[in-house]
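J.: pasting the structure only:
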């Protein structure tokens with residue numbers, strides 16, 4: 001197995017029904033255990049194969065030293081032969097000045113907040129780093145199918161999940177964003193929402209990438225895989 005330390009849900013990688021190692025975090029909000037146990041087992045050897053989870057910058061930032069140590073202890077106990085890649089995934093706000101001191105509506109990746117179980121995402125992290133205050137709760141402004149999303153997932157934080165599984169839902173999302181009483185909209189989704197809907201308020205986008213720390217890194221791991229499999 002390959003683990004990249006961090007604090008981001010990986011429930012989209014594979015079904016948790018697949019056999020694999022189960023790790024437990026040290027406290028209720030600790031994602032270290034959930035991330036590892038929910039990623040699944042691709043080659044059916046009883047261990048997770050590739051786990052990538054690292055929002056943050058310093059010391060795999062949002063994971064924190066305690067979370068990182070918890071994950072390393074889990075690896076040593078359950079999967080001691082795993083390759084461990086340390087990494088961060090620092091969020092970058094395209095226009096940081098626009099959020100400072102402003103009332104911000106953050107639109108986060110939908111699945112991360114719903115069945116992923118997170119209450120914040122990259123958008124909140126980036127907005128906090130640049131002095132946004134306060135965050136605006138979208139609940140009083142929800143339109144159509146977005147109301148149903150919050151009813152189904154009541155533990156969503158003070159953020160708006162980007163739900164857009166059809167034209168009607170995209171329309172409801174757009175209406176909710178534009179109806180919300182805020183100064184600025186921060187888009188924390190993997191895609192640029194302005195490509196599929198029109199935001200009438202000042203807005204900026206968050207991007208993020210994988211920032212590997214030392215070796216081994218993904219190049220090392222993938223090069224070894226390609227050589228072992230005879231793909232070159």
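T.: Good, I have the coordinates. In this text, all values refer to a predicted model and were calculated from it rather than measured experimentally. Numbering: from 1, shown residues only.
J.: in this protein, where's the longest helix?
T.: Under DSSP state H, the helix in the chain containing the largest number of residues is helix 64-78.
J.: show the average pLDDT along it.
T.: Per-region confidence: helix 64-78 scores 78 on mean pLDDT.
J.: what's that helix packed up against?
T.: Applying 3 or more Cβ pairs under 8 Å, 6 or more residues apart in numbering; DSSP states H and E, one finds that helix 64-78 makes contact with helix 32-37. Any C-beta I mention is one placed from the backbone N, CA and C, and that applies to glycine too.
J.: report the rounded mean pLDDT for the helix it packs on.
T.: Within the predicted structure, the mean pLDDT of helix 32-37 is 50.
J.: just to revisit the earlier point, what comes up buried for the next helix or strand after the longest helix of the chain?
T.: Reading on from helix 64-78 to the C-terminus, the next helix or strand found by DSSP states H and E is strand 83-85. Of the residues in strand 83-85, those with enough neighbours to count as buried (16 or more other Cβ atoms under 10 Å) are 84, 85.
J.: what pairs with strand 83-85, parallel or antiparallel?
T.: Taking DSSP bridges as the criterion, strand 83-85 sits next to strand 2-4 (parallel) in its sheet.
J.: still on that earlier bit, mind listing what's buried along the longest helix of the chain?
T.: Under the neighbour-count criterion of 16+ other Cβ under 10 Å, helix 64-78 has 67, 68, 70, 71, 74, 75, 78 buried.
J.: list the contacts for the closest residue to residue 144 other than its chain neighbours?
T.: By the measure of Cβ to Cβ, 6 or more residues apart in numbering, the closest residue to residue 144 outside its immediate chain neighbours is residue 172, 3.7 Å from it. With contacts taken as Cβ atoms under 8 Å, 6 or more residues apart in numbering, residue 172 has the following neighbours: 143, 144, 145, 146, 163.
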